[in-house]
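Novice: Turn this into a model:
(one chain, ligands or ions: 1)
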Amino acid sequence: MKTESNNQRGAWGSRLAFILAASGSAVGLGNIWKFPYIVGENGGGAFVLVYLVCVLVIGAPIMLAEFTLGRKTNLNPVGAFDQIKPKSPWIGIGFMGVLAGFLILSFYGVVGGWTFAYVVKSITGSVLAFSSPKEAGEFFGSFIANTGEVLFYHALFMGACVGIVIRGVHGGIEKACNILMPMLAAILFLLMIRSLTLDGAMEGVAFYLRPDFGKINTNVVLIALGQAFFSLSLGMGAMITYGSYLSDKEDLTSCTLYVVMFDTLIALLVGMVIFPAVFAMGLEPAEGPGLVFSVLPTVFAGMPLGQGVAIIFFILLAIAAITSGISLLEVVVAYFIDQRGWERKRAVPVISLIIFALGVPSGLSFGMMADVKLFGMNFFDNVDNIASNYLLPIGGLLTAIFVSWVWGTKNIHLEIEKHDNKPNFFWARSWEFLIRYITPIAIGIVFITKVFR
Ligand code: PFF
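Specialist: Sure, this is the predicted structure:
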């Protein structure tokens, strides 16, 4: 049911605004926190190469499909599938997406809260007081075990998302991304120069850019694919939702290329900030999830102007987390506005409160609830695992099958080519081939290997 007209739903003010907002969704903790540590753990350059292939062959076609579905229907993921194939089980993909948005934001908000805390802790200097990553790691460990502090910053992060999303698409999300995204790119660029000019930085560049093909195995491919989905915000309808606020005159193919390029460039740039610094300081690249929170503060502490760099870096991490958090929230909010007829002003706080409550056990997973384990994992890791490793790839696989076999690539072409945008014949055909065959088969194989491994 579509209860609000397009104008009331909201719309992007320009193509650039849309690209920045979609890039804001894509560029997040996945790029800055996750990408470098999994590159570090999985052999550097070789992993980067496999990741790039996943982005191009699987990520980009699904993103174009999601944008197209959104713009065609002007609806949230549930409404979008329902409008194209009314009263069919395909609507389930939409529900899975809304559920994924719920679950991902519940733990994403916790890590978002950590980034807020680290901005404050770099300003007070407390994160920079250590000369070894081990001590910095212990400091991080005791911080994430502190119930009061973790919940306080978690609530602050969710509050920031509420403040932006409640203002709507044009006034809130777009304005925030217009300012925050260019800031993020500029800060990263400065940090890269700082990092590359450290003594011994080139060793890190070599680790990062020189592929060692011996390191590529099924596991590396699995991780790279999951990362491509998470990083590009695919498989849960975030890009359907953002596409639904886009006007018919924009060229979807070029928007897709820009967003994919931007997300990938930022991830690559982050590697160029982190690995040169890590090697220059003689630290280990395979440090795991603590890389950003425990290794980097040691790196910052040991370099000239370190405190300033640390403050800037954690502000950047917080910005990236917010522009992604708001897209996760918007998926759920758009569902309640379009399908349930809620007012935005009511939907945003109510939904955020529920997501925050669901996130509390994730927040406590490294402290009070550290011993509560299911399938050998704490609550946080379970939610992350279900949403990122199952819901997103299944959602992506079903979306690819839906658009190419149920909706039909002919209809998709009609939508993409609206308003005389004459897409390049070669690109159009390659995209069709990828989304029909390669994308579903590749995800299917990877997913089956993952489940039965
Ligand atoms: N792409 C975001 C990141 O890299 O941090 C995370 C994310 C946002 C995933 C929105 C999925 C999503 F729908």
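Novice: Point out the residues in the stretch 101-250 of the chain that sit beside the ligand.
Specialist: 104, 230-231, 233, 236, 238 (CB under 6 Å from any ligand atom). For glycine as for every other residue, the C-beta is placed from the backbone atoms N, C-alpha and C.
Novice: Show me which of these are buried.
Specialist: The neighbour count (16 or more other CB atoms under 10 Å) marks 104, 230-231, 233, 236, 238 as buried among those.
Novice: From those residues, which land in helices?
Specialist: 104, 230-231, 238 (DSSP state H).
Novice: Looking at the residues you listed, which one is closest to the ligand?
Specialist: Of all those, A238 has the smallest distance to the ligand: 3.1 Å, by CB to the nearest ligand atom.
Novice: OK, contacts around that closest one?
Specialist: 25, 66, 97, 101, 327-328, 330-331 (CB atoms under 8 Å, 6 or more residues apart in numbering).
Novice: Which of the residues you listed has the largest number of neighbours?
Specialist: E66 (34 neighbours; other CB atoms under 10 Å).
Novice: contacting residues for that residue?
Specialist: 234, 237-240, 243, 399.
Novice: Can you lay out the residues you listed as TSV showing distance to K121 and pLDDT?
Specialist: Listed next are the contacts of E66 as TSV, based on distance: CB to CB, whole Å; pLDDT from 0 to 100:
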residue	distance to K121	pLDDT
L234	33	97
G237	35	95
A238	30	96
M239	34	96
I240	37	97
G243	38	94
T399	40	97
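Novice: wait, E284 sits on V278?
Specialist: Yes. Counting by CB atoms under 8 Å, E284 does reach V278; the two are 7.5 Å apart.
Novice: Settle it for me: which of those two has more neighbours?
Specialist: V278 (28 against 12).
Novice: how near is that one to the ligand?
Specialist: Here the distance between V278 and the ligand works out to 21 Å (CB to the nearest ligand atom, to the nearest Å).
Novice: give me the number of residues near the residue lying closest to that residue once chain neighbours are set aside?
Specialist: Excluding the flanking residues, the one nearest V278 by CB to CB, 6 or more residues apart in numbering is P285, at 5.5 Å. Neighbour count for P285, taken as other CB under 10 Å: 21.
Novice: List the contacts of P285.
Specialist: 39-40, 44, 204, 207, 275, 278-279, 291.
Novice: change it to 10 Å
Specialist: 36-37, 39-41, 43-44, 204, 207-208, 271, 274-275, 278-279, 291, 295 (CB atoms under 10 Å, 6 or more residues apart in numbering).
Novice: N31 now?
Specialist: 184, 188, 227, 230-232, 263-271, 317, 320, 324.
Novice: what about 8 Å?
Specialist: Contacts of N31 (CB under 8 Å, 6+ apart): 231, 263, 266-267, 270, 320.
Novice: And for A428?
Specialist: 413, 416.
Novice: Okay, K87 and the ligand: tell me how far apart.
Specialist: K87 is 26 Å from the ligand, by CB to the nearest ligand atom.
Novice: Now, the contacts of A238 that are in helices?
Specialist: 25, 66, 97, 101, 327-328, 330-331.
Novice: What residues sit buried inside stretch 109-121?
Specialist: Going by neighbour count (16+ other CB under 10 Å), the buried part of stretch 109-121 is 109-119, 121.
Novice: and it, average pLDDT?
Specialist: Per-residue pLDDT values over stretch 109-121 give a mean of 97.
Novice: just checking, Y258 touches I19?
Specialist: Yes. Between Y258 and I19 there is a contact under CB under 8 Å: 4.9 Å.
Novice: neighbour count winner among the two?
Specialist: A direct count of neighbours by other CB under 10 Å for Y258 and I19 places I19 higher, at 22 against 17.
Novice: what about that one, which helix or strand?
Specialist: Using DSSP states H and E, I19 sits in helix 15-26.
Novice: Please report how far the residue in the stretch 251-400 of the chain that the ligand sits nearest to lies from A357.
Specialist: Going by CB to the nearest ligand atom, the ligand is nearest to S324 of the stretch 251-400 of the chain, at 4.1 Å. As for S324, its distance to A357 is 20 Å (criterion: CB to CB, to the nearest Å).
Novice: neighbour-wise, which of those two wins?
Specialist: Counted by other CB under 10 Å, S324 and A357 do not tie: S324 has more neighbours, with 27 against 10.
Novice: For that one, give me the pLDDT.
Specialist: pLDDT, S324: 95.
Novice: Would you confirm that it contacts G28?
Specialist: Yes. Here S324 reaches G28: they are 3.1 Å apart, a contact under CB under 8 Å.
Novice: Which of the three states applies to the residue lying closest to I123 once chain neighbours are set aside?
Specialist: Nearest-residue entry for I123: I311, 5.8 Å, with adjacent residues in sequence omitted and distances by CB to CB, 6+ apart. Following DSSP: H, G, I helix; E, B strand; the rest coil, we place I311 in the helix state.
Novice: OK, contacts around I311?
Specialist: Contacts of I311 (CB under 8 Å, 6+ apart): 119, 122-123.
Novice: check which helix or strand covers the nearest residue to F213 once chain neighbours are set aside.
Specialist: Leaving aside its chain neighbours, F213 sits nearest to A46 (5.9 Å; criterion: CB to CB, 6+ apart). Counting by DSSP H and E, the element that carries A46 is helix 45-54.
Novice: Please save the CA atoms from that helix in PDB.
Specialist: Extracted in PDB, the C-alpha atoms of helix 45-54 (Å, rounded to 0.1, in the frame of the first residue of the first chain):
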ATOM      1  CA  GLY A  45      47.400  -7.700  -2.000                       C
ATOM      2  CA  ALA A  46      46.000 -11.100  -3.000                       C
ATOM      3  CA  PHE A  47      42.800 -10.500  -1.000                       C
ATOM      4  CA  VAL A  48      42.500  -7.000  -2.400                       C
ATOM      5  CA  LEU A  49      42.500  -8.500  -5.900                       C
ATOM      6  CA  VAL A  50      39.800 -11.100  -5.100                       C
ATOM      7  CA  TYR A  51      37.700  -8.400  -3.400                       C
ATOM      8  CA  LEU A  52      37.900  -6.200  -6.500                       C
ATOM      9  CA  VAL A  53      36.700  -9.000  -8.700                       C
ATOM     10  CA  CYS A  54      33.700  -9.700  -6.300                       C
END
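Novice: Enumerate the residues of the stretch 301-450 of the chain near the ligand.
Specialist: Counting by CB under 6 Å from any ligand atom, the stretch 301-450 of the chain sits next to the ligand at 324, 327-328.
Novice: re earlier: narrow the contacts of N31 to those in helices?
Specialist: Going by DSSP H, the helices hold 231, 263, 266-267, 270, 320 from the contacts of N31.
Novice: List the contacts of stretch 197-215.
Specialist: 39, 42-49, 195-196, 271-272, 274-282, 285, 303.
Novice: same thing but 10 Å
Specialist: 36, 39-40, 42-50, 194-196, 268, 271-283, 285, 299, 302-304.
Novice: Now, of those residues, which are buried?
Specialist: 36, 39-40, 42-50, 194-196, 268, 271-281, 283, 285, 299, 302-303.
Novice: Who does the nearest residue to N385 once chain neighbours are set aside form a beta bridge with?
Specialist: Of all residues not flanking N385 in the chain, M377 sits nearest, at 6.6 Å (CB to CB, 6+ apart). Following DSSP bridges, M377 is listed with bridge partners L374.
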